[in-house]
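Asker: Please find the sequence and the predicted model below.
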Amino acid sequence: MSQVLPQISSVTSETLQSEIRRLLPSQQGFGADLQATNVIVPIVDLTAAAEGSSIPENMQTAFAFGSQTSVTVINGTATLANTAGFYRVFGGVSIYYGTAANGSVDFDMSDGFSTKELLSFAQTAGTTASSAQVIDVDFTIFLRSGDSCTVTASQFSEFAGSVRQIADVNGNLVNPAGFSPQ
């Protein structure tokens, strides 16, 4: 069996070198070219895909005083979000009903030209005494540039909750205000 000697070749890719300088700031002043070898060497993955999140999802999507917007809608419409990105919508829908009251709450998404219904809650008037129905909502939406998400509550209905951006349009996570992972 013959022994194969390792071969080393210079790699002159400015793209790769700038990525090394970005990911390894301590190597900024290192002036040698990158090199490749035909010997199998263990590697450390420094790509964004390998970075992962430093906190669990339920903590990253948590509401915080400085990063959530409270929303209460009764007999009207409110815009939950209209900036591109990912948002968490959390709250409660209350629909009051009785012999003469019909109630509804609708969550819609629009691209500025057409509207699509995301969720709809409704209660039709009946013959029973006044009552109420309460439903928890917790969902995540993605908005492109120009998209918006609204909630509309009728006269005998209410949505009370919060909205928080959890990632930008490129999927970069937005941590709760005031939180700095260690």
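Answerer: Looks like it arrived, so ask away. Numbers count the residues shown, from 1 in each chain.

Asker: Which of the three states applies to Q17?
Answerer: For Q17, the secondary-structure state derived from DSSP: H, G, I helix; E, B strand; the rest coil is helix.

Asker: now swap in the one 3 residues further on and tell me
Answerer: Assigned with three-state DSSP, I20 falls in the helix class.

Asker: wait, doesn't it sit right on L34?
Answerer: Yes - contact criterion CB atoms under 8 Å: I20 and L34 qualify, at 7.1 Å. Glycine gets a C-beta too; all of them are placed from N, C-alpha and C.

Asker: So the two - more neighbours on which side?
Answerer: For I20 against L34, the residue with the higher neighbour count under other CB atoms under 10 Å is I20, and the figures read 16 against 13.

Asker: Run through this structure and note the low-pLDDT ranges.
Answerer: 1-2, 4, 25-33, 38, 41-54, 98-101, 125-130, 182 (pLDDT under 70).

Asker: rerun that using 80 as the cut-off
Answerer: Across the chain, residues meeting the criterion (pLDDT under 80) sit at 1-58, 97-102, 124-132, 180-182.

Asker: Going by residue numbers, what spans are strands in it?
Answerer: Using DSSP state E, the strands of the chain run over residues 8-11, 34-37, 69-81, 85-97, 103-110, 115-123, 131-143, 148-167.

Asker: which of the residues in stretch 75-83 are buried?
Answerer: Applying a neighbour-count criterion of 16 or more other CB atoms under 10 Å, the buried positions in stretch 75-83 are A78, L80, A81.

Asker: And the residues you listed, which is closest to F156?
Answerer: Within these, the smallest distance to F156 is 17.0 Å, found for A78 (CB to CB).
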